[in-house]
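Engineer: structure for this input, please:
(chains A and B)
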Amino acid sequence: MREGRAFLLIGIVLPLFLLIILTVTGINSSGGAGAKALKAFSQSMGLRDVSLYLMVLILPFIAPVFTVVGTMMAPALYSEDRENGFFEFILSSTKFGTKDIFWSIILTALIVGLFIISITVVEILIVVIILNGTVPSLFLNELLIYTIPISIIAVLIGTSIAFVSQALTKRMTFVNSPAGLAPVFGVIVTVVPLFFSIFSARGVFGSVDFNQLYLILGGYVAGTLLLLLLIFFFTNFRMVRERLLS
Amino acid sequence: MTRIEAVGLSTGYYGKEVLHNITISIDKPGIYVVLGKNGAGKTTFFRTITGILKLYGGTLTINGLDPYNHPEARQKCVYLSHQPGVPLSMSVREIIDLFATLLEAGEDEKKRAVKMLGLNDLMDKSFVSLSQGQKKRVSIAKCLLSDRSIYLFDEPTSNLDPIIASEVRKDLVGISRDKIVLYSSHNLYEAREIGKQVIIINNGTIAYKGDIDNVPMGKYVIGIRAENLLDVFPEAKLQGRYYTLELDSPDGVSAVVQKLVAANIKVQEIREISNPLEDLLR
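Structural biologist: Sure thing, here's the model as predicted:
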């Protein structure tokens, strides 16, 4: 539980820490021709200063990674409970089975993920409102279209794949632990659309306007959720109880 | 009446067979002591009865239902494993409340279990801050919250001091008046103290099932390397490098050590020379 709390704290504190760094960096970039050009560019986008430009550029895209790290609390809790025989008791002496245990952990991860991303979004919005007076529509779009949905599906897919893998494969220390696999898959889910965006900007897929980008991200979210359903459909009946023994 | 019936049962872990061709029927209330050396298959036997492990062959039923596929059969059992089996970050009160919810126990059952295991003074303490013996008492208490017809205790008195261990054994004897209690141990003396029926498991098969009085009982022999030992234990016999002493049970070792320390005798080594259970299974 101690490790779990540490992950939760990291998930909540790191975005705040990054906010402070970006604010300070933006304020300190007042001299030099490059800084002036950056400021002019920021203002052309409707942003009052460079801090806001850096935030718009970085925060919405990196926040899902913090959420995924924060939700490692759920797999960490799982590992601890398995090691001390809690699940063995549940399986042997109650009506609950393996699927109930896995679903409850995935649900816990989802609730923790929603909690972290809500706090992060509120933190970001408060700082942006203080610095800019209003929330630029571009920023709001990034949060609504990318940050929130990607955070949620990253948490879901990360923990699900980790637990399904745990259920179907023989336990190998340091190789297939859910606490290790969950963030790896979660971060992959957050990184893939960033590559899409980078390639789009380079014109790999031709000129992509925002509407097209929304479609790409929406399709990505829908596709990932579909993948999640398929994973459960094909593996739901193969979760063996002995995997949960300490 | 509850009936556990296994016919030609074989099972294990990840495809590797641990129990082979077990046939057994248990239908009378009482304590059945499951004896066996470490690694003999006692824990696997319990995990199979509680429906955790899938059978590789044969059948196992509790009142006609296979516990692996029928939760209602599993709910006739409560199982205390080697591990504490509780969320470590909780207080004793939180643990009792959590397990009362899981096992659908009421306030009366909670009070009874807390009183039986003497947990009243520990209720607000964190589980991790408890001694090994106190942790074991909490683990046992959670199993006594619910009224079940089959109780499976995997070495429940390990890590308990002799007084608490004796109280726990008395409580289990009380429970066994109208329930089936399966109690694993590798201590033949403990088995004789609490049970009338014994199931001996050796190398994954049942070596003996029946009355414990029919099990031959040898002496527990320890070897001691020490100077002037005969001053304190004149009955000790010199065998090779060791003076040997015959004891009634392994519990007698601590009394021997206390006597040696009190007599200011320098002890170089104490080791087990002969264990009746191992002799029996040889």
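
Engineer: residue 95 - how many residues pack around it?
Structural biologist: Reading this off chain A. Applying other Cβ atoms under 10 Å in any protein chain shown, we find 13 residues neighbouring residue A:95. Just so you know, the C-beta spots here come from the backbone N, C-alpha and C atoms, and that holds for glycine as well.

Engineer: ah, no, chain B please
Structural biologist: Neighbour count for residue B:95, taken as other Cβ under 10 Å: 23.

Engineer: show me the domain layout of chain B.
Structural biologist: Domain ranges of chain B: B:4-214, B:220-281, per automatic domain parsing.

Engineer: between those domains, which one is closest to chain A.
Structural biologist: Nearest of the domains of chain B to chain A, taken as Cβ to the nearest Cβ: domain B:4-214 at 2.7 Å.

Engineer: okay, now the unreliable bits of the stretch 151-282 of chain B?
Structural biologist: Filtered on pLDDT under 70, the stretch 151-282 of chain B yields the residue ranges B:277-282.

Engineer: all helices for it, in order.
Structural biologist: For the stretch 151-282 of chain B, the helices defined by DSSP state H, counting those that start in this stretch cover B:162-175, B:188-194, B:253-262, B:276-281.

Engineer: could you do chain A as well?
Structural biologist: Shown for chain A, the helices assigned by DSSP state H span residues A:2-28, A:33-44, A:50-70, A:73-83, A:86-93, A:98-132, A:137-141, A:148-168, A:178-202, A:210-235.

Engineer: and of those, who's closest to chain B?
Structural biologist: Closest among the helices of chain A, using Cβ to the nearest Cβ: helix A:86-93, at 3.5 Å.

Engineer: now do the closest one and helix A:98-132, the angle between them.
Structural biologist: Per axes from the mean of the first three to the mean of the last three Cα atoms, to 10 degrees, the angle that helix A:86-93 makes with helix A:98-132 is 140 degrees.

Engineer: give me the angle between helix A:86-93 and helix A:73-83.
Structural biologist: Calculated by the same axes, to 10 degrees, helix A:86-93 forms an angle of 60 degrees with helix A:73-83.

Engineer: and helix A:86-93, what does it pack onto?
Structural biologist: Packing partners of helix A:86-93 (3 or more Cβ pairs under 8 Å, 6 or more residues apart in numbering or on different chains; DSSP states H and E): helix A:98-132, helix B:71-74, strand B:77-80.

Engineer: alpha carbons of the second one, as PDB, please.
Structural biologist: Same thing as helix B:71-74. The C-alpha coordinates for helix B:71-74 follow below in PDB (Å, rounded to 0.1, in the frame of the first residue of the first chain):
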ATOM      1  CA  PRO B  71     -19.200 -21.400  -5.600                       C
ATOM      2  CA  GLU B  72     -21.900 -22.800  -3.300                       C
ATOM      3  CA  ALA B  73     -19.600 -25.800  -2.600                       C
ATOM      4  CA  ARG B  74     -16.700 -23.400  -1.900                       C
END
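
Engineer: what's that helix in contact with?
Structural biologist: With Cβ atoms under 8 Å, 6 or more residues apart in numbering or on different chains as the test, helix B:71-74 has contacts from A:91-95, A:97, B:50-51, B:61-63, B:65-67.

Engineer: what packs against the helix or strand where residue B:45 lies?
Structural biologist: Per DSSP states H and E, residue B:45 falls inside helix B:42-49. Judged by 3+ Cβ pairs under 8 Å, 6+ apart, the packing partners of helix B:42-49 are strand B:4-13, strand B:16-26, strand B:30-35, strand B:55-62, strand B:77-80, strand B:150-154, strand B:180-185.

Engineer: let me have those strands in TSV, adding mean neighbour count as columns.
Structural biologist: Output for those, formatted as TSV (neighbours: other Cβ atoms under 10 Å in any protein chain shown):
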stretch	mean neighbour count
strand B:4-13	19
strand B:16-26	17
strand B:30-35	24
strand B:55-62	17
strand B:77-80	26
strand B:150-154	23
strand B:180-185	25
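
Engineer: JSON lines for the ones you listed, including distance to chain A?
Structural biologist: Below are these laid out as JSON lines (distance: least, Cβ to the nearest Cβ, whole Å):
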{"stretch": "strand B:4-13", "distance to chain A": "6"}
{"stretch": "strand B:16-26", "distance to chain A": "11"}
{"stretch": "strand B:30-35", "distance to chain A": "15"}
{"stretch": "strand B:55-62", "distance to chain A": "12"}
{"stretch": "strand B:77-80", "distance to chain A": "4"}
{"stretch": "strand B:150-154", "distance to chain A": "8"}
{"stretch": "strand B:180-185", "distance to chain A": "12"}
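
Engineer: what residue lies at the spatial centre of chain A?
Structural biologist: Centroid-nearest residue in chain A: residue A:64, 2.9 Å away (criterion: Cα atoms, centre = their mean).

Engineer: wait, doesn't it sit right on residue A:142?
Structural biologist: No - Residue A:64 is not in contact with residue A:142 according to Cβ atoms under 8 Å; the separation is 11.4 Å.

Engineer: residues in contact with the closest residue to residue B:128 other than its chain neighbours?
Structural biologist: Using Cβ to Cβ, 6 or more residues apart in numbering or on different chains and skipping the chain neighbours, the partner closest in space to residue B:128 is residue B:88 (5.5 Å). Contact partners of residue B:88, counting by Cβ under 8 Å, 6+ apart, are A:1, A:80, A:84, B:127, B:128.

Engineer: which one of these is nearest residue B:106?
Structural biologist: Within the contacts of residue B:88, proximity to residue B:106 (Cβ to Cβ) peaks at residue B:127, which comes in at 22.6 Å.

Engineer: any chance of the helices and strands packed on helix B:42-49 in JSON lines, with distance to residue B:249 too?
Structural biologist: Output for those, formatted as JSON lines (distance: least, Cβ to Cβ, whole Å):
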{"stretch": "strand B:4-13", "distance to residue B:249": "29"}
{"stretch": "strand B:16-26", "distance to residue B:249": "26"}
{"stretch": "strand B:30-35", "distance to residue B:249": "14"}
{"stretch": "strand B:55-62", "distance to residue B:249": "33"}
{"stretch": "strand B:77-80", "distance to residue B:249": "23"}
{"stretch": "strand B:150-154", "distance to residue B:249": "19"}
{"stretch": "strand B:180-185", "distance to residue B:249": "12"}
